[in-house]
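>>> give me the fold of what follows.
(chains A and B, ligands or ions: 1)
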Amino acid sequence: MPADGGIGAPNKRREDVRFLTGKGRYTDDINMRGQAYVWFLRSNVAHGRITSIDTAAAAAMPGVIRVFTGADFEGVGSIPCGWQVTDRHGEPMQEPAHPVLAQGKVRHVGDPIAAVVAETAEQARDAVEAIEVEIEELPAVVDMKAALEEGAPKVHDDLTSNLCYDWGFVEENREAVNKAFDEAAHVTTLELRNQRLVANPMEPRVAIGDYAAHNDESTLYTTSQNPHVIRLLMGAFVLGIPEHKLRVVAPDVGGGFGSKIFHYAEEAFCTFAAKQLKRPVKWTSTRSEAFMTDAHGRDHVTKIELALDKDNNFTALRTETYANMGAYLSTFAPSVPTWLHGTLMAGNYRTPLIYVNVKAVFTNTVPVDAYRGAGRPEATYQLERVIDKAARELGVDPIALRRQNFVTEFPYATPVAVEYDTGDYVATMDKLEEIADLAGFEKRLEESKASGKLRGLGVNCYIEACGIAPSHLVGQLGARAGLYESATVRVNATGGLVVMTGSHSHGQGHETAFPQVVAEMIGIDPNMIEIVHGDTANTPMGMGTYGSRSLAVGGSAIVRATEKIIAKARKIAAHLMEASEGDIELKDGQFTVAGTDKSVAWGDVTLAAYVPHNYPLEDIEPGLEETAFYDPNNFTYPAGAYACEVEVDPETGKVTIERFAAADDFGNIVNPMIVSGQVHGGLGQGIGQALLEQAVYDENGQLLTGSYMDYAMPRADDVPFYAIDHSCATPCTHNPLGVKGCGEAGAIGSPPAVVNAVVDALQRAGRNVTHIDMPLSPSRVWEAMNQ
Amino acid sequence: MYAFDFERPSTLDEAVAALGAEGAQALAGGQTLIPTLKQRLAMPETLVSLTGLAELKGISASGGVLTVGAASTHAEVARQTDHPGLAGLAGGIGDPHVRNRGTIGGSVANNDPSACYPAAVLGSGAMVVTNAREIAADDYFTGLFETALEEGEIITALRFPIPEKSAYVKFEQPASRFALVGVFVSKSEGGVRVAVTGASEEGVFRWSEAEAALASDFSPAALDGLSASAENLIGDIHGSPAYRAHLIGVLTKRAVAAAA
Ligand SMILES: Cc1cc2nc3c(=O)[nH]c(=O)nc-3n(C[C@H](O)[C@H](O)[C@H](O)COP(=O)(O)OP(=O)(O)OC[C@H]3O[C@@H](n4cnc5c(N)ncnc54)[C@H](O)[C@@H]3O)c2cc1C
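Residues are numbered from 1 along each chain as shown, chains lettered A, B, ... in the order given. Below you'll find the model as predicted:
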């Protein structure tokens, strides 16, 4: 551990003192003078036409300030979508309107119809129950394939069908891929579902709108991963408020996992209503509302085919995926099954020809958008499952088949539009075999047998594209925003620093890790550095936190801004020591003149910057504050290899995870303890998906898993102690820190390991099971064993 | 929650009187009722707390009978040692928070089809003691969330004949961790009882074929070849009726093994 607590030190998370002692300041902790509360009337049917709304009785209830319906939002914009996908035929995707409150129709259970603002939340809720609404129920579409059939009920009357887009990637390769399949020595086919999940951050969403009439300024406090993005989307597209009159604050946020990236109707409602009523308006989601209004994740149905030649080399890959968009397009929904998914289908392998087809479909369900990993878990799952199946069909070792097809030379341009800058998949697989003790598997297998359990081993690789994202590239792909990141480094007169970042921490540990970077560069104690984030009023325009981007992109912006600071400080130091700038060296917070014993301390220089009595005023300005925007020129490509060992109880089908090992290449590591924590969390969510979680709708569009009574979250005793390693580091070649990102890896890499292991266990026991759809609940495994 | 009045009587008579009022409902540990109120699924006018009643407290064993006051928490029941099968069951309910608040009386009054206690009450042939009478377990559980209790009747105690051997085995529903299927078996002078919770559309029930098989030979092997019928069993996203029927067989064997 570096003695200075800089890069590489496992510093304890300083924010945890606040969080663990109950001193966090979450949005719901904010209460404003004169605050009113809103409660939403939400649709209890999945699809219907609103024939009448009578709010008279509700308006007369005690404490009610005002009742809002869709009619109050005429002239207000639609909740926008931030990404436009162009389909196989060069046509733009179908993009329906998404009103703040329903206009004429409701399209999923939970769709907001009306809202009551009252003195207390309970009064608002009472009044909501007094609203008389008549809905002519329409047949609902829940199943994606049924939604695309001729004559299926249309979620949006003004669209031609429920098809959002039919995307082909790379469309030009379509025929070449088909030809490679015709010529293949072996083809393995697998149909699977990557089930719908609910993100379930510990903190439900909250929004408070506030309006200051004296200067016509609106403020939104919200549980967001990206306050600037919300300010832009809501201000420019929905409410028509310019940035200088709109402040968005996302204070401490208790987890997001993607679900708090998006702009939600409740945010716009509270901001709008506060201005109308000239009072702060607060909304706190209940857990029940969270289940039916937070964007869900995944929900892909896929057929994947892998072609191999006679020597077991992968020659082509072809997929057909149906991706559920839900009832509306959430902020980044269209990008998830396309650019975050299709571009990763090469995985860690040299497959020369790939064709990915994705049909995105509207259904009468909650909108689906990015959830930890977003598109990449879906890609990894299909690919690593089909490779496992191929190995079994061919009678070869699944690890050997992977090794044989690994990409080994970098940079590597995949046939799906991305270029891996660096990696070493052989090294991570070697490391995995070591830390997972694969050599000891046979012995453990015998032990399991002796206790009447079926043991299985599942191994897989993953790659992901992080450090989202090069703006020029994503612009070509349909993004309606840039994806740079920003930082302002403000040095105080006595040498302490404040770093204002456009990224946002909601569990990632930025307040600890980012100071380590700056401390390392200057050679000072990280405790001299504070991180400020989450408030558009005091941070530069930034794009927020998701896609494992904060250190790779946000950290790089901090590096660039700190470099500017050091360059200027060097000039000041040169002046103070009457030396030439080129001779100044900075080490351990001291500026020295090379080859002499002359030096000035960091604090002397910073003081000079603000008390410029002896200062080169003709050359440089006083003060020490710099801003940088960093736009990466490629994604980063973390990769790794995971191994899972399970035991299956043959009598009940219950799966227990006995061992789990993860060897990851995240490039350089700033704080290994935080990285381990991120991997642990990701693995927990991945195992949760593999064994427990699923959002289920019945055929009428009722959510059957609307609470923790039926939606199974992973708990401590569902996961094992992990063996993890991130020593196989190939530093990213194009960002200044050489970092790749670690936030999503665990969730991306672990589901196929678990499923491969369970299939392995059943096959070793002589059961002819080639696939089970997640979650591998006891009843599903038992049914698969006994089919 | 809707607004309600709150009363905390200190004697059983006062509690019975309070519960006689229109719209009054008993509140014990609140681990079922409070979530229901929060969801606005119930609208009582008055909640009558039973936590101040000395008559509902205490656990004691004498003459081969364990008497458990209805206000005993799951944690208290888990700590008693006279009836290990019952203690094991109570210790597996929910989490420490639930076990330190929830009560046996509340659970038995509620009769959730997935709850654990009904299996022990039926599977031990216990007596449900109320302010007005004693009801045998076989007459007490009448359906899903249905019992023989009259409006306003208060369970004061549960009286368990202490069996020679007993055990409860729960197979957890993955989300709620209530019983997807739970089986309580007991062997005592009066015979063998096998009670199954979590599985049936009609609530807790006795598996009489298994009882007959075990009567002469209280061992897992006695159950070989016996399978429970899937008829009237619950089918949901966590398991089909066939799966639940299968689990009944597996868990009964395991419970016998654990008890033996
Ligand atoms: C997270 C969680 C997990 C749980 N897991 C399990 C589990 O694994 N297994 C399980 O069996 N249960 C489980 N429970 C339910 C728990 O055991 C409850 O405590 C129990 O069902 C109700 O007891 P209570 O004392 O909390 O009753 P309350 O919620 O106060 O009351 C429940 C009902 O019983 C009535 N009532 C209460 N006391 C009496 C009485 N003496 N006489 C007449 N009527 C009365 C009330 O009016 C009400 O209708 C769980 C609960 C939670 C919240």
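
>>> what about the helices in chain B?
Listed in chain order, the helices of chain B (DSSP state H) span residues B:12-19, B:33-38, B:74-79, B:84-91, B:96-101, B:104-110, B:117-124, B:137-140, B:208-216, B:241-259.

>>> which residue ranges of the stretch 151-260 of chain B form strands?
Listed in chain order, the strands found in the stretch 151-260 of chain B under DSSP state E, counting those that start in this stretch are B:155-161, B:165-172, B:179-188, B:191-197, B:205-206.

>>> name every strand pairing with the shortest one and say which way it goes.
The sheet places strand B:205-206 alongside strand B:191-197 (antiparallel), with pairing taken from DSSP bridges.

>>> list the buried residues in the strand it pairs with.
Applying a neighbour-count criterion of 16 or more other C-beta atoms under 10 Å in any protein chain shown, one finds B:Val192, B:Arg193, B:Val194, B:Ala195, B:Val196, B:Thr197 buried in strand B:191-197. To be clear about C-beta, it is placed using only N, CA and C from the backbone, and glycine gets the same treatment.

>>> export the residues you listed to TSV and tack on pLDDT?
As requested, the buried residues of strand B:191-197 are arranged in TSV below (pLDDT from 0 to 100):
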residue	pLDDT
B:Val192	98
B:Arg193	98
B:Val194	98
B:Ala195	98
B:Val196	98
B:Thr197	98
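
>>> what count of nearby residues applies to residue 103?
Reading this off chain A. For A:Gln103, the tally of surrounding residues (other C-beta atoms under 10 Å in any protein chain shown) stands at 16.

>>> that's the wrong chain, I meant chain B
Each residue near B:Thr103 was counted by other C-beta under 10 Å, and the total is 26.

>>> retrieve the pLDDT associated with residue 32.
I'll assume chain A. Residue-level confidence at A:Met32 comes out at 97, pLDDT.

>>> the chain in question should be chain B.
At B:Thr32 the predicted local distance difference test score is 97.

>>> quick one: stretch B:238-246 to chain centroid distance?
The chain centroid and the centroid of stretch B:238-246 are separated by 21 Å under C-alpha atoms, centre = their mean, to the nearest Å.

>>> next one: stretch A:389-398
Average the C-alpha atoms of stretch A:389-398, do the same for its chain, and the two points are 33 Å apart (C-alpha atoms, centre = their mean).

>>> skipping adjacent residues, who's closest to A:Leu41 in space?
Computed as C-beta to C-beta, 6 or more residues apart in numbering or on different chains, the closest residue to A:Leu41 that is not its neighbour in sequence is A:Ala114, at 4.3 Å.

>>> what about the nearest residue to A:Tyr546 once chain neighbours are set aside, which SS state?
Take A:Tyr546 and drop its neighbours on the chain: the residue closest to it by C-beta to C-beta, 6+ apart is A:Ile261, 5.0 Å away. When classified by DSSP: H, G, I helix; E, B strand; the rest coil, A:Ile261 comes out as coil.

>>> and A:Ile261, what does it touch?
With contacts defined as C-beta atoms under 8 Å, 6 or more residues apart in numbering or on different chains, A:Ile261 is in contact with A:Ser224, A:Gln225, A:Asn226, A:Val229, A:Thr331, A:Phe332, A:Asp369, A:Ala370, A:Gly544, A:Tyr546.

>>> how does chain A divide up, domain by domain?
Taking automatic domain parsing as the reference, chain A has its domains at A:16-23+A:484-630, A:31-138+A:202-255+A:260-293, A:297-468+A:634-785.

>>> so which of these comes closest to the ligand?
domain A:297-468+A:634-785 (8.0 Å; C-beta to the nearest ligand atom).

>>> is any part of that closest one close to the ligand?
No. Figure legend: domain A:297-468+A:634-785 not in contact with the ligand (C-beta under 6 Å from any ligand atom); closest approach 8.0 Å.

>>> do stretch A:687-703 and chain B meet at all?
Yes. Looking at stretch A:687-703 against chain B by C-beta under 8 Å from any C-beta of the partner chain, the contacts come from A:Leu691, A:Leu692, A:Gln694, A:Val696.

>>> filter those residues down to the ones in helices?
Using DSSP H, A:Leu691 are the members of the residues of stretch A:687-703 next to chain B that sit in helices.

>>> highest neighbour count among the residues of stretch A:687-703 next to chain B?
The most crowded member of the residues of stretch A:687-703 next to chain B is A:Leu691, carrying 28 neighbours; neighbours defined as other C-beta under 10 Å.

>>> for chain B, what's its nearest residue on the stretch 601-750 of chain A.
Ranked by C-beta to the nearest C-beta, the top residue of the stretch 601-750 of chain A for proximity to chain B is A:Ala712, at 3.7 Å.

>>> how close does that residue get to A:Val696?
11 Å (C-beta to C-beta, to the nearest Å).

>>> can you lay out the contacts of A:Ile261 as JSON lines showing pLDDT and distance to A:Asp216?
Rendered in JSON lines, the data for the contacts of A:Ile261 read as follows (pLDDT from 0 to 100; distance: C-beta to C-beta, whole Å):
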{"residue": "A:Ser224", "pLDDT": "98", "distance to A:Asp216": "23"}
{"residue": "A:Gln225", "pLDDT": "97", "distance to A:Asp216": "28"}
{"residue": "A:Asn226", "pLDDT": "97", "distance to A:Asp216": "25"}
{"residue": "A:Val229", "pLDDT": "97", "distance to A:Asp216": "23"}
{"residue": "A:Thr331", "pLDDT": "97", "distance to A:Asp216": "27"}
{"residue": "A:Phe332", "pLDDT": "97", "distance to A:Asp216": "31"}
{"residue": "A:Asp369", "pLDDT": "98", "distance to A:Asp216": "32"}
{"residue": "A:Ala370", "pLDDT": "98", "distance to A:Asp216": "34"}
{"residue": "A:Gly544", "pLDDT": "95", "distance to A:Asp216": "26"}
{"residue": "A:Tyr546", "pLDDT": "93", "distance to A:Asp216": "32"}
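
>>> would you list those residues in a markdown table and tack on neighbour count and secondary structure?
Putting the contacts of A:Ile261 into a markdown table (neighbours: other C-beta atoms under 10 Å in any protein chain shown; DSSP: H, G, I helix; E, B strand; the rest coil) gives the following:
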| residue | neighbour count | secondary structure |
| --- | --- | --- |
| A:Ser224 | 31 | coil |
| A:Gln225 | 29 | coil |
| A:Asn226 | 27 | coil |
| A:Val229 | 26 | helix |
| A:Thr331 | 25 | coil |
| A:Phe332 | 26 | coil |
| A:Asp369 | 26 | coil |
| A:Ala370 | 27 | coil |
| A:Gly544 | 28 | coil |
| A:Tyr546 | 26 | coil |
